[in-house]
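Colleague: Kindly generate the corresponding structure for this input.
(one chain, ligands or ions: 1)
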Amino acid sequence: MKRTQYCNDLSEKDVGSSVTLNGWVSRVREFPDTRFIVLRDRTGIVQITVDSSNPCFATADQCKSEFVLEVTGTVQARAEQNKSGAYATGAIEVIPSSIVILNRSKPIPFPVDGTPVTAAEEIRLKYRYLDLRREPVREALRLRHKTISSIYQFLDAEGFISVETPMLTKSTPEGARDYLIPSRTSAGNFYALPQSPQLFKQLLMIANFDKYFQIARCFRDEDLRADRQPDFTQLDIEMSFVDVDDVLELNERLIQHVFKQTLNVDVPLPLPRLSYADALDRFGSDKPDQRFGVEIKNASSLMADSSFAVFRTALEMGGTVRVLTAPAELSRKQIEAFEQVAKQNGAKGLAWTKVAASGLEGGIAKFLSPTESTGLLEVTGAVAGQTLLFGADSKDTALKALGAVRLALRDELKLIAADAPRFHFSWVVDFPLLEWDEDNQRFTFMHHPFTSPSLEDLPKFGTPEMGSMKARAYDLVLNGYEVGGGSIRIHNPEVQEKMFNAIGFTTAEARERFGFFMEALEYGTPPHGGIAWGLDRMVAVMAGVETIRDVIAFPKNAKGVDIMADAPSPVDEKQLSDLHIKLK
Ligand code: ASP
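Modeller: Sure thing, here's the model as predicted:
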């Protein structure tokens, strides 16, 4: 290695020393008698100054953006008037005695030297290796590395060991479709890529590993709406002989460690917890953004005799009337935009009224009796200059719609105070065990089928009460994103069988799909539980970027396509026939 230093390591203390640098030409400024080459490496930039009397001038003259150079020369202090405060090495320059062009570059499709990039994301992804030369992208990946490294540090010190689990395996249900891999040697049979290492980590508990973790790649063939990737990374954790509090406590300390190590941010503990029911009731979401208030209130009993048909019908059908206070007088246009949000989330509309000094005014005010109006002001605590927005529907729909409107209000009215903590964590607990699947007219699991019911609900399996069973499950929420989830598991084979039956698997079907696991449960399974963090999302929030693509080195686009490598793509006939596959 000929490099003696990285660019950014040079400073006035090096003046007079001879250095050899390796890097890329970030920019060349040409003057009649001088070439200024900004050389860039992994750490930063430094200016190479070559005047026409320098024997290197002819080589410098050939240098273009993104050429790869080896520069040997002497560090020199810049004249006072030439010093730049714009970058770390602005007080010095290197006067080369040798410039070797190690490689040339075609003109690049977008700048990577720090000037703003206007190229579409698709272009950046097609040339991701160039995009990765840009400092903000590299910074995000450095943060990802530091996060993972601090996770290893903490969990290792806590006695956890990292174990790799298979990529080619049998399907593990996490509620998504599997990616399947056809077997060449076993015609007609398929591996599945793991949706998560769920079953393997539970087997590791049965195997007396006690404390396991893994930075695990997971694969889920889901609709890629929202910000998802078909393959993504989890921090996967499992522990034996634990209860909910043990898992949460360990994770809280881990979060505190990681945020301190990587961002020097103090996360106050314990993290707030709220129940699933409260989260929905107050915020209309099971991953509430609690960096701001604006909570949903229940106006159902107030509106029991409402003369407004929409409210009355909703209540008569067993539904609800909920109200959200926008802390501003909304314009007609804003209300229409929020109504669209409500509609996209299943509501039929968005009733509204404004709070004036004299009472409620406009919108549905004309349908409200004086008692109803006063009652609304009491329930909401709204004051003049604010706007009330209503959801009247089934409870699920009204809450979901107002939850979405609440987030739209956050963005439109900039509701997060400038001095609010950058990161707001909370736990959502007491999830239902099961949810009703309308399409298949049966219950399905809410987290996954290995989640333990709360112990007092065990007798409800197979009874009409089954829908009200609670799970010993928890989600970790950060700034309105679900960044983790887990549970205490079922460790008793009979309970596991009841769970499978509850979600519509006969015992025989369950044995066929998960026989190896059901059998393992019968060999002395310790009580155990764990969690998985969505590492991509966690790092994206830490980095303050919008999409998880920004914290993944080689992401797929929003349609799940790797436009750089061109995947998925057709394969040869021969490859197909080896795999015993005929295309339709
Ligand atoms: N395997 C679960 C998931 O991927 C996490 C867990 O229950 O630990 O969501």
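Colleague: Every contact and neighbour count from this point should use C-alpha atoms.
Modeller: Will do.
Colleague: Just the pLDDT for the residue of the stretch 51-200 of the chain at minimum distance from the ligand.
Modeller: Nearest residue of the stretch 51-200 of the chain to the ligand: Gln198, at 4.5 Å (Cα to the nearest ligand atom). On pLDDT, Gln198 comes in at 96.
Colleague: go on, Asp223?
Modeller: The model's pLDDT for Asp223 equals 83.
Colleague: Give the burial count for it, as a bare number.
Modeller: The number of residues packed near Asp223 is 14, by other Cα atoms under 10 Å.
Colleague: Look up how far Ala532 lies from it.
Modeller: 21 Å (Cα to Cα, to the nearest Å).
Colleague: How about Leu21?
Modeller: Taking Cα to Cα, one finds Leu21 at 43 Å from Ala532.
Colleague: In terms of neighbours, single out the busier of these two.
Modeller: Using other Cα under 10 Å, the more surrounded residue of Leu21 and Ala532 is Ala532, with 25 against 22.
Colleague: Contacts only, for the nearest residue to Ser240 once chain neighbours are set aside.
Modeller: Among residues not flanking Ser240 along the chain, His528 sits closest, at 4.1 Å (Cα to Cα, 6 or more residues apart in numbering). Contact partners of His528, counting by Cα atoms under 8 Å, 6 or more residues apart in numbering, are Gln202, Met205, Glu238, Met239, Ser240, Phe241, Val242, Asp243, Ile488, Arg489, His491.
Colleague: same thing but at 10 Å, please
Modeller: Contacts for His528 (Cα atoms under 10 Å, 6 or more residues apart in numbering) come out as 202, 205-206, 210-211, 238-244, 247, 452, 487-491.
Colleague: Keep only those of the residues you listed that are in strands.
Modeller: Counted as lying in strands by DSSP state E, out of the contacts of His528, are Lys211, Glu238, Met239, Ser240, Ser487, Ile488.
Colleague: Now for the residues you listed: which two are most distant?
Modeller: Within the ones in strands among the contacts of His528, Lys211 and Ser487 form the most distant pair, 14.9 Å apart (Cα to Cα).
Colleague: Looking at the two now, which is surrounded by more residues?
Modeller: It is Ser487, of Lys211 and Ser487, that has more neighbours when counted by other Cα under 10 Å, with 28 against 22.
Colleague: Can you tell me the closest non-neighbouring residue to that one?
Modeller: Per Cα to Cα, 6+ apart, closest to Ser487 is Ala473, 4.0 Å.
Colleague: Hmm, Val244 and that neighbour touching each other?
Modeller: Yes - the pair Ala473 / Val244 is scored as a contact, 7.8 Å apart, by Cα atoms under 10 Å.
Colleague: any residues in contact with both of the two?
Modeller: What both Ala473 and Val244 touch, as defined by Cα under 10 Å, 6+ apart, is the set Val429, Gly486, Ser487, Ile488, Gly529, Gly530.
Colleague: of the residues you listed, closest to Val15?
Modeller: Gly530 (55.3 Å).
Colleague: Which strand residues bridge that closest one?
Modeller: Glu238, Ser487 (DSSP bridges).
Colleague: Test my guess that it contacts Gln214.
Modeller: No - between Gly530 and Gln214 there is no contact under Cα under 10 Å: 11.8 Å.
Colleague: These two: who's more crowded?
Modeller: For Gly530 versus Gln214, neighbours defined as other Cα under 10 Å are more numerous around Gly530 (29 against 22).
Colleague: how far away is that one from the ligand?
Modeller: Separation of Gly530 from the ligand (Cα to the nearest ligand atom, to the nearest Å) stands at 5 Å.
Colleague: What degree of burial does Lys201 show, as a neighbour count?
Modeller: So Lys201, with other Cα under 10 Å, has 25 neighbours.
Colleague: before we move on, what about Pro570?
Modeller: 8.
Colleague: Can you tell me how far the residue nearest to Ser240 is from the ligand?
Modeller: His528 is 11 Å from the ligand, by Cα to the nearest ligand atom.
Colleague: what do you get for Ala520?
Modeller: 18 Å.
Colleague: Test my guess that that residue contacts Pro526.
Modeller: No - Ala520 lies out of contact with Pro526 (Cα under 10 Å); the separation is 11.3 Å.
Colleague: Helices of the stretch 351-500 of the chain, start to end?
Modeller: 370-380, 395-413, 493-502 (DSSP state H, counting those that start in this stretch).
Colleague: and of these, who's closest to the ligand?
Modeller: That would be helix 493-502 among the helices of the stretch 351-500 of the chain, by Cα to the nearest ligand atom, at 14.9 Å.
Colleague: Just the buried residues of that closest one, please?
Modeller: Pro493, Val495, Gln496, Glu497, Lys498, Met499, Phe500, Asn501, Ala502 (16 or more other Cα atoms under 10 Å).
Colleague: can you check stretch 225-233 too?
Modeller: Counting neighbours by 16+ other Cα under 10 Å, stretch 225-233 gives Arg228, Gln229, Pro230, Asp231, Phe232, Thr233 as buried.
Colleague: Figure out how far stretch 380-399 is from the centre of its chain.
Modeller: 29 Å (Cα atoms, centre = their mean, to the nearest Å).
Colleague: same question for that stretch, mean pLDDT?
Modeller: 97.
Colleague: What of stretch 203-219?
Modeller: The model assigns stretch 203-219 a mean pLDDT of 98.
Colleague: Would you mind putting the CA coordinates of it into CSV?
Modeller: Extracted in CSV, the C-alpha atoms of stretch 203-219 (Å, rounded to 0.1, in the frame of the first residue of the first chain):
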residue,chain,number,x,y,z
LEU,A,203,-35.3,-24.1,18.5
LEU,A,204,-32.2,-22.5,19.9
MET,A,205,-34.0,-21.9,23.1
ILE,A,206,-35.1,-25.5,23.2
ALA,A,207,-31.4,-26.3,22.6
ASN,A,208,-30.4,-24.3,25.8
PHE,A,209,-28.7,-21.4,24.1
ASP,A,210,-30.6,-19.1,26.6
LYS,A,211,-29.7,-15.8,24.9
TYR,A,212,-29.5,-15.5,21.1
PHE,A,213,-29.3,-12.7,18.6
GLN,A,214,-28.7,-12.3,14.9
ILE,A,215,-28.5,-9.5,12.4
ALA,A,216,-30.8,-11.5,10.2
ARG,A,217,-31.9,-11.1,6.6
CYS,A,218,-35.6,-11.7,6.1
PHE,A,219,-37.6,-12.2,2.9
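Colleague: Counting neighbours, which bits of it end up buried?
Modeller: 203-206, 209-219.
Colleague: what's the answer for stretch 236-254, then?
Modeller: 236-240, 242-244, 247-248, 251-252, 254.
Colleague: Quick one: name the residues of this protein near the ligand.
Modeller: By Cα under 6 Å from any ligand atom, the part of the chain that sits against the ligand consists of Ser196, Gln198, Gly485, Gly486, Ser487, Gly530, Ile531, Ala532.
Colleague: three-state assignment of the closest residue to the first one other than its chain neighbours?
Modeller: Spelled out, that is Ser196. Closest residue to Ser196 in three dimensions, ignoring its sequence neighbours and counting by Cα to Cα, 6+ apart: Cys218, at 5.0 Å. Assigned by DSSP: H, G, I helix; E, B strand; the rest coil, the conformation of Cys218 is strand.
Colleague: and the lengthiest strand in the chain, C-alpha only, in PDB?
Modeller: Secondary structure of the chain per DSSP E: the longest strand is strand 18-31. Output of strand 18-31 as PDB, limited to C-alpha atoms (Å, rounded to 0.1, in the frame of the first residue of the first chain):
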ATOM      1  CA  SER A  18       5.800  14.300   2.000                       C
ATOM      2  CA  VAL A  19       2.600  12.200   1.500                       C
ATOM      3  CA  THR A  20       1.100   9.800  -0.900                       C
ATOM      4  CA  LEU A  21      -2.600   9.900  -1.400                       C
ATOM      5  CA  ASN A  22      -5.100   7.700  -3.300                       C
ATOM      6  CA  GLY A  23      -8.400   8.800  -4.400                       C
ATOM      7  CA  TRP A  24     -10.800  10.200  -7.000                       C
ATOM      8  CA  VAL A  25     -10.800  13.500  -8.800                       C
ATOM      9  CA  SER A  26     -13.800  15.300  -7.300                       C
ATOM     10  CA  ARG A  27     -13.400  18.500  -9.400                       C
ATOM     11  CA  VAL A  28     -10.700  20.200 -11.500                       C
ATOM     12  CA  ARG A  29     -10.500  24.000 -11.700                       C
ATOM     13  CA  GLU A  30      -8.500  25.100 -14.700                       C
ATOM     14  CA  PHE A  31      -6.600  28.400 -14.800                       C
END
